[in-house]
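> My questions are about this predicted structure, shown below with the sequence.
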Amino acid sequence: MPELEGLLELQAGFKLQAYAVIGLLALIPLAVVLGLASLALAVIVIVVVAIVVVLANLFALIPIWRGYSEVFGKGSLPAVGAELGLIAAAVGLLSLLVSALWPPAGDLINLAAGILGFVSYVLAYIIGARQLYLKYEVDCFHTAFILFVLFFLVIPPIIGIWLMYKGSRDAIRKIEQSGAASPSI
């Protein structure tokens with residue numbers, strides 16, 4: 001069943017994102033300590049962490065895009081949002097390279113990546129969580145939707161990512177229990 005496969009893809013993508021965010025949070029104290037020791041070392045660590053986070057997000061967005069495409073269709077707003085997120089991540093990596101060669105152009109490319117990333121966030125996370133809640137009536141999706149709207153507080157979206165993982169797992173169970181899918185998973 002494509003819908004069940006889509007939920008499994010969403011679950012895998014949000015799980016990978018949750019691990020990436022936890023890893024990032026664990027590296028922040030290291031960057032602060034290194035920053036106290038050497039500014040150059042702190043900048044190197046921040047750049048490396050930024051690259052790792054962008055790559056982890058890139059790899060997480062692939063199954064999220066496939067999942068939304070299966071659950072809602074390829075042209076759905078959440079699927080388009082995940083696609084834009086993939087483009088934003090690629091543009092973000094490009095901006096790091098260009099910034100090293102010509103900082104003003106790198107800043108403009110970084111701004112473009114930020115705008116694409118924000119539009120992607122609204123479509124893939126805020127609208128995606130809302131549509132998943134409306135389709136499956138799993139409370140974790142509704143709570144994630146509310147937390148994603150509070151993105152400016154930083155911590156709520158991190159919890160929202162974990163709730164999207166948990167919600168996709170709950171939606172899979174709900175489908176399996178309703179008899180709509182084969183219990184061979």
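It's in.

> Could you list every helix and strand that the helix or strand harbouring residue 22 packs against?
According to DSSP states H and E, residue 22 maps onto helix 2-37. Applying 3 or more CB pairs under 8 Å, 6 or more residues apart in numbering; DSSP states H and E, we find helix 2-37 packed against helix 39-72, helix 155-178. Placement of C-beta: from N, CA and C, glycine included.

> and the closest residue to residue 85 other than its chain neighbours, what element?
Counting by CB to CB, 6 or more residues apart in numbering, residue 85 lies nearest to residue 120, which is 3.7 Å off, once chain neighbours are set aside. In the assignment (DSSP H and E), residue 120 maps to helix 103-121.

> quick revisit: pull out the buried positions in the helix holding residue 22.
Residues of helix 2-37 classed as buried: 3-4, 6-18, 20-21, 24, 27, 31, 34 (neighbour count, 16 or more other CB atoms under 10 Å).

> and if you look at stretch 137-144?
138, 140-144.

> now, which of those residues sits nearest residue 111?
Residue 111 has its nearest neighbour among those in residue 144, at 27.8 Å by CB to CB.

> which element is the closest one on?
helix 139-149.

> Give me the distance from that helix to the chain's centre.
Mean-position distance between helix 139-149 and its chain equals 14 Å (CA atoms, centre = their mean, to the nearest Å).
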